[in-house]
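Peer 1: give the three-dimensional model of this entry:
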Amino acid sequence: MAVKGAHAELGTVTPNLMVRGGRKAIEFYVRAFGARLLYDSAMPDGHGIHAHLRIGQSIVLVTDERPPSPEGMMLGVAAPESLGATSTILELYVDDVDAAYQRAVDAGAKPMMPIRDAFFGDRFGWVLDPFGHLWSLATVVEELTPEEIRERMAVAFQGRGPRS
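Peer 2: Residues are numbered from 1 along each chain as shown. Got it, this is the predicted structure:
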């Protein structure tokens, strides 16, 4: 399925991050992750924005959260801040994860998991952006086969029972 017109830059699946304070979110993503603003527009009622950002080779949309419409024609969409949780981790692969992690923290992200080398061949860590979205920043340090990853996972989780 080809995507045409004004949306040609979008992939077939494109994340749309709901936030409180869309303009501040755009500024943060530019500082923290080197995002480039491709498009932004104020919502017709003047409350909030919708934007398209390029981060590396990917497009990420940013939209201010909105309550359900009074007439019921639009569902409400909430930011993680409103929900008190997030259900998604955004994976961002970079050339230098240590520098990217520090840049994100310096821009206002909260460190959640320090950078470390992982059994699956990546050096990675997690940060929580100021809008409640969790980002896993990573650099591939070893190209591993699925079998090598399974073997290393078995060793890494040895002695841990199943979660209930």
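Peer 1: would you indicate which residues of stretch 99-112 are buried?
Peer 2: Ala100, Tyr101, Gln102, Arg103, Ala104, Ala107, Ala109 (16 or more other Cβ atoms under 10 Å). All C-beta spots, glycine's among them, are computed from the backbone N, C-alpha and C.
Peer 1: number of nearby residues for the spatially closest residue to the fifth one that is not a sequence neighbour?
Peer 2: Counting by Cβ to Cβ, 6 or more residues apart in numbering, Ala32 is the residue found nearest to Ala104 once chain neighbours are left out, at 4.2 Å. Using other Cβ atoms under 10 Å, the number of residues around Ala32 comes to 24.
Peer 1: strands of this protein, start to end?
Peer 2: 16-19, 36-42, 49-55, 58-64, 89-93, 110-117, 122-128, 134-140 (DSSP state E).
Peer 1: counting by contacts, list what the second one packs against.
Peer 2: What it means is strand 36-42. Using 3 or more Cβ pairs under 8 Å, 6 or more residues apart in numbering; DSSP states H and E, the elements in contact with strand 36-42 are helix 22-33, strand 49-55.
Peer 1: pull the residues that contact it.
Peer 2: The contact list for strand 36-42, computed with Cβ atoms under 8 Å, 6 or more residues apart in numbering, reads 6, 9, 22, 26, 30, 48-55, 59.
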